[in-house]
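Visitor: Whatever this is, show me its structure:
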Amino acid sequence: MKAEWLFDARRIPDEVMNYLRRIAVQAIEEKHYSPELVADLLGISRSSIYDWLNWYRNGGKEDLDTRKAPGVPWVITPDMDEWLKETIIHSTPEDHGYDTVLWTLRGCRKTPFPKNYAVAPSNNAYSSALFVVRSLKILRSMSRIEAT
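Guide: The predicted model follows:
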């Protein structure tokens, strides 16, 4: 079994990568090894080594740690999320003029969203709400079965 991360630095686990950055910077700053030598020894690009040095010199050791990307900001507000879940829990698609009793992603997307919200939820928001509601229903039914 070969570890894929040994051949592709993008696959190195965060904890290992944080440690490698610290070792590389320490070798250059304290032992005075050349960045090119450290890059060659670790199998990391020279430009990455120089990036790490800049991070360390500008922000200290903490700046060498892997940071999670912030991601896209949420468009759906807690109020919108609550409305969506309440609609799915307390009504059926039939209540909204559809000829089915089960909520589906397509049915959710077609349900009129209140006009006082500036944006309609995405498919992911609907999928998430459906998942939460279905999970709650399963847990409730399991607790009823256990009670008998």
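Visitor: ok, T111 - how many residues close by?
Guide: 19 (other CB atoms under 10 Å). In this view, the C-beta of every residue, glycine as well, is placed from N, C-alpha and C.
Visitor: Also G60?
Guide: 9.
Visitor: for the one 5 residues further on, same thing?
Guide: Residues near D65, counting by other CB under 10 Å, number 13.
Visitor: when you give positions from now on, start the count at 11
Guide: In the new count, where the first residue is 11, that last one comes out as D75.
Visitor: could you say which helix or strand contains the residue nearest the centre of the chain?
Guide: Central residue of the chain (CA atoms, centre = their mean): G81, 7.3 Å from the mean position. Per DSSP states H and E: G81 is located in neither a helix nor a strand.
Visitor: per-residue confidence for it?
Guide: pLDDT, G81: 75.
Visitor: And it, how close does it get to V111?
Guide: 36 Å (CB to CB, to the nearest Å).
Visitor: Check the offset of stretch 30-46 from the chain's centre.
Guide: Taking CA atoms, centre = their mean, to the nearest Å, one finds the center of stretch 30-46 at 32 Å from the center of the full chain.
Visitor: in that stretch, what's buried?
Guide: The neighbour-count check on stretch 30-46 (16 or more other CB atoms under 10 Å) flags L30, R31, A34, V35, A37, I38, P45 as buried.
Visitor: That one - what's its average pLDDT?
Guide: If you average the pLDDT over stretch 30-46, you get 96.
Visitor: cool, stretch 126-140 as well?
Guide: 71.
Visitor: quick one, helices of the chain?
Guide: 24-39, 45-52, 56-69, 88-100, 115-120, 133-157 (DSSP state H).
Visitor: Hmm, I38 is touching S44, no?
Guide: Yes: using CB atoms under 8 Å, I38 is in contact with S44, at 7.5 Å.
Visitor: State the distance from R116 to N134.
Guide: Taking CB to CB, one finds R116 at 15 Å from N134.
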